[in-house]
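>>> Build me a model from this:
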Amino acid sequence: MRITTLIIAAAMLLAIPAQAKMPFVKKAQELGFTEIKSCTACHVGVPKKDGEKTERGKFLVAMKAKHKAAEVDLNWLKEYKGK
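Okay, here's the model as predicted:
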């Protein structure tokens with residue numbers, strides 16, 4: 001019983017980071033960026049705050065710094081000229 005509880009708790013904790021920013025994927029698609037299908041459009045591997053980013057992710061981080069924003073604005077993708 002105890003091991004089952006631990007396994008379930010661990011699975012839930014591991015699932016939280018993967019779901020934390022899923023609204024970003026949905027919003028990007030609503031904005032017309034249909035090529036964005038998962039977090040790996042901006043993140044390499046498992047999404048982490050300071051984890052490795054793709055070129056698109058690096059662009060968004062740079063725009064966030066440029067605009068001194070608290071959070072990434074997906075409308076900035078309109079200015080992204082990469083792949």
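>>> Ser81 and Thr40: what is the separation?
Careful, residue 81 is Lys and not Ser. 20 Å (CB to CB, to the nearest Å). In this view, the C-beta of every residue, glycine as well, is placed from N, C-alpha and C.
>>> And Gln29, by the same measure?
14 Å.
>>> can you map out the helices along the protein?
2-19, 22-30, 55-66 (DSSP state H).
>>> Compare the mean pLDDT across those and name the weakest.
Of all the helices of the chain, the segment with the smallest mean pLDDT is helix 2-19, scoring a mean of 60.
>>> that older thread, between Lys81 and Thr40, who's got more neighbours?
Thr40 (14 against 6; other CB atoms under 10 Å).
>>> wait, isn't that one in contact with Arg56?
No. Contact criterion CB atoms under 8 Å: Thr40 and Arg56 do not qualify, at 10.1 Å.
>>> tell me which residues of stretch 38-57 are tucked away?
Residues of stretch 38-57 classed as buried by neighbour count (16 or more other CB atoms under 10 Å): 39, 41-43, 47, 53, 56-57.
>>> From the residues you listed, pick the one nearest Leu77.
Arg56 (7.5 Å; CB to CB).
>>> from what I can see the closest one touches Ala41, true?
Yes. Judged on CB under 8 Å, Arg56 makes contact with Ala41 at a distance of 6.0 Å.
>>> middle-most residue in the protein, spatially?
In the chain, the residue lying closest to the centroid (CA atoms, centre = their mean) is Cys39, at 4.4 Å.
>>> is it true that it touches Val25?
Yes. The criterion here is CB under 8 Å, and Cys39 meets it with Val25 at 6.6 Å.
>>> which non-adjacent residue is nearest Lys37?
Val25 (7.0 Å; CB to CB, 6 or more residues apart in numbering).
>>> neighbours around that neighbour, how many?
By other CB under 10 Å, neighbour count at Val25 equals 18.
>>> residues in contact with it?
Under the criterion of CB atoms under 8 Å, 6 or more residues apart in numbering, the neighbours of Val25 are 36-39, 41.
>>> Asn75 too?
By CB under 8 Å, 6+ apart, the neighbours of Asn75 are Leu31.
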